[in-house]
Structure formats: structure tokens, C-alpha cells
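Engineer: heads up, no residue letters with this:
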């Protein structure tokens, strides 16, 4: 249990059209929301929109959920994070993740195996680059520095600019037990997705009990503020069907695995089968209310306030309200929960 649950807003990534959510971010800052989080898949990137919002705000925290590690070399990620953190006055929280084999191999043209070892090396290089204690060397399997081949002229280099903060917070997006263990070991925080709050203790309690003081758990939660509860449930089932059914290959879908660990394995596989067969409406209908209610915040502001108590009673420090862009809904929810 945390003393004071923080609320952020999550903007995801652009869909078919570019989107400027400056008004929503400025409203969130004025109302006292803790942070804004932006992700990436294979469309808009995470860092550029955050830089845009940083220039138009002054206090709200800026988080990536997530930056894909294969999108950038670790040295490039260290440079980009250092730059945005400095320009924003030290507001960045750098969330990282491996994504999945479809994107890593299909979009970035990189091999997916050994994601845990790759992530560990990546974080090591980030921290060494920001610390600037010596010219950067790394003897790892995946990111050797200097490169051992090529022209043979590579030399260890030190980051030119002294970071505003040499300890920029690093968060890892993780769902499986081994990934969560790695986050607890090497990161400052953990970004779980599709957490079923009523199953949180059974799924992660033993792991989280070993977390060091100050370790920050930031859960992204699909949020649908709507007085029509039935309609809100239907809307909330749609992204679940997409991620469980279609975001990943059959046998390699980490979202499906997380839902399975929450106790909904039969449902998850039924949803995936329907989705991959092109029966997407049926996939949405197959998701039970109990699953969507445990992984989302749904309904009128008063109901959401009541459901938030489950999160207040958990080790989660921040709940990121995904896709909460409507200013009227943001204001109503802020008033209800007392931001």
C-alpha cells in the first residue's frame, strides 16, 4: 500500500492521423495530475510528443511508456533522454521495453532472442553514459563499445554534455515474472500493463515484497468515464480484445500471457482464436465483465473513485489513466478524487 496514489494520463501513440494533445496535457497539469505518458509501436515515437508537451508546460511529469529498446542504440537513447530531461527541468521518467518479436524483427530488423540480457546491457550503458565517470566502454554480448570490428578506429567516448540529472529514472515495461525481477534489480520503477487489480497480489505479491524503498510501480489502466455503464464496458472491451487477440503472434503474445496469469486463460485463448479468425466483434463479446472491470476504470466518476480504492490498497504508486483526453471528464474525475 502506498501513502498517496498519484494519477497520470496516458496518451498512447498516434493512430491513423497525427494528434496534438497539448490542450489535454495543459488541462491535466492545471488540475494536478501527476504525469503524462506517451508510448510508441510502429507509428509515432514516444520522445518527440513529450518534447512538444514539455515546451508547453512547466510542472507535469513526462514519461515514456514505452521506448522500445531496439528503436535506438543505448547511446542514442542516453543522448535523447539527457536532452529532454534537461530541456524540461528534470521531468523525464524513461520507460523502456522490448516490445515483441513481430515488431522487433518485422519493423526494426533486429533479432528478438534474449530480451532480458539485452535489456540489462541497455540499462547498464544508459547509467554509465549519464554518469560520465570515464569514456564509455562496454564488453557485453549485444552492445560492445567500442565496436570490436568495422574500421577498427572506434574509441571510447564520454558524453559531451553533463546531464542535468545523472540519475534519470529508468522504468521497465514488464509482465512476466522474470521481466519483473529484472525491473526490481536494475530499474527505478516498473510499468505493468493489463494488471488485474484483484489478482495483483497473487500474480506479483511475492516479487513486489522484495522491492527496495522508493521503487515506483506505474500501472497503465484503460479509463472510460461515462454515465452509461453498459456502453463504457463495451468500449473497454475493445482494446482488451485487440491486445489479447491481435497484438502478437499465436504462442508469443505477452498480453495474453498476463491475462492468463490473472486467471482468465480459457477466455484469453478464445478471444485470440476469434480475433485471428477475423471474428473481431465476437472476440470483444467474449471478454467477461470481470476481466475488463479488473483491468480498467469504468463508469461515472463516483464509481471510478470507489474502484480506485483497490489501487490505493495495492503497492502501485501511480495509475496512468489511458486515453483520458476529454477535458470535461478529466475535470469531473479530478473533482471526484480530490486532486
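Structural biologist: Now that the structure is in, tell me what you want to look at. Just so it is clear, the structure is predicted and the values come from calculations on it, not from any experiment. Numbering: from 1, shown residues only.

Engineer: Stretch 145-164: which residues count as buried?
Structural biologist: Buried positions in stretch 145-164, judged by neighbour count with 16 or more other C-beta atoms under 10 Å: 145-146, 159, 163-164. For glycine as for every other residue, the C-beta is placed from the backbone atoms N, C-alpha and C.

Engineer: Which two among those residues are spaced furthest apart?
Structural biologist: The most widely separated members of the buried residues of stretch 145-164, counting by C-beta to C-beta, are 146 and 164 (26.8 Å).

Engineer: hang on, the earlier thing: which of the buried residues of stretch 145-164 sits closest to residue 273?
Structural biologist: Using C-beta to C-beta, those come closest to residue 273 at residue 145, 44.9 Å.

Engineer: Quick check: the closest one touching residue 136?
Structural biologist: Yes - with contact defined as C-beta atoms under 8 Å, residue 145 counts as touching residue 136 (5.6 Å).

Engineer: where do the contact lists of these two overlap?
Structural biologist: Taking C-beta atoms under 8 Å, 6 or more residues apart in numbering as the contact rule, the neighbours common to residue 145 and residue 136 are 75, 125, 156.

Engineer: Could you verify my assumption that the second one touches residue 139?
Structural biologist: Just to be clear, that refers to residue 125. No - assessed by C-beta under 8 Å, residue 125 is found out of contact with residue 139, at 11.0 Å.

Engineer: Would you mind telling me which of the two has the busier surroundings?
Structural biologist: Ranked by neighbour count (other C-beta atoms under 10 Å), residue 125 and residue 139 place residue 125 first, with 22 against 9.

Engineer: Quick check: next helix or strand after the one helix or strand that one maps to?
Structural biologist: Assigned by DSSP states H and E, residue 125 falls within helix 115-131. Next helix or strand after helix 115-131 toward the C-terminus (DSSP H and E): strand 170-173.

Engineer: Mind listing the strands that following strand pairs with, and their directions?
Structural biologist: strand 92-97 (parallel), strand 189-191 (parallel) (DSSP bridges).

Engineer: Which parts of the helix or strand just after the last one count as buried, going by neighbours?
Structural biologist: Heading C-terminal from strand 189-191, the first helix or strand you meet, by DSSP H and E, is helix 200-208. Buried positions in helix 200-208, judged by neighbour count with 16+ other C-beta under 10 Å: 200, 203-204, 207-208.

Engineer: what about the helix or strand just after helix 200-208, distance to the chain center?
Structural biologist: Next in sequence after helix 200-208, counting helices and strands by DSSP H and E, comes strand 216-225. Relative to its parent chain, strand 216-225 has a centroid offset of 10 Å by C-alpha atoms, centre = their mean, to the nearest Å.

Engineer: next one: stretch 222-230
Structural biologist: 22 Å.

Engineer: quick revisit: tell me the one of the buried residues of helix 200-208 nearest residue 332?
Structural biologist: Taking those together and measuring to residue 332 by C-beta to C-beta, the closest member is residue 200, at 26.5 Å.

Engineer: ok so, going back, out of the strands paired with strand 170-173, which comes closest to residue 170?
Structural biologist: Here strand 92-97 is closest among the strands paired with strand 170-173 (C-beta to C-beta), at 5.2 Å.

Engineer: got the contact list for that closest one?
Structural biologist: With contacts defined as C-beta under 8 Å, 6+ apart, strand 92-97 is touched by 35, 37, 50, 61-69, 77, 81, 84-85, 119, 122-123, 126, 168-174, 189, 191, 218.

Engineer: what's the answer for stretch 120-137, then?
Structural biologist: 69, 74-75, 77-79, 81-82, 94, 96, 138, 140-143, 145-146, 155-159, 162-163, 165-168, 170, 172, 182, 186-187.

Engineer: what about 6 Å?
Structural biologist: 69, 74, 78, 138, 140, 142-143, 145, 156-159, 163, 166, 170, 186 (C-beta atoms under 6 Å, 6 or more residues apart in numbering).
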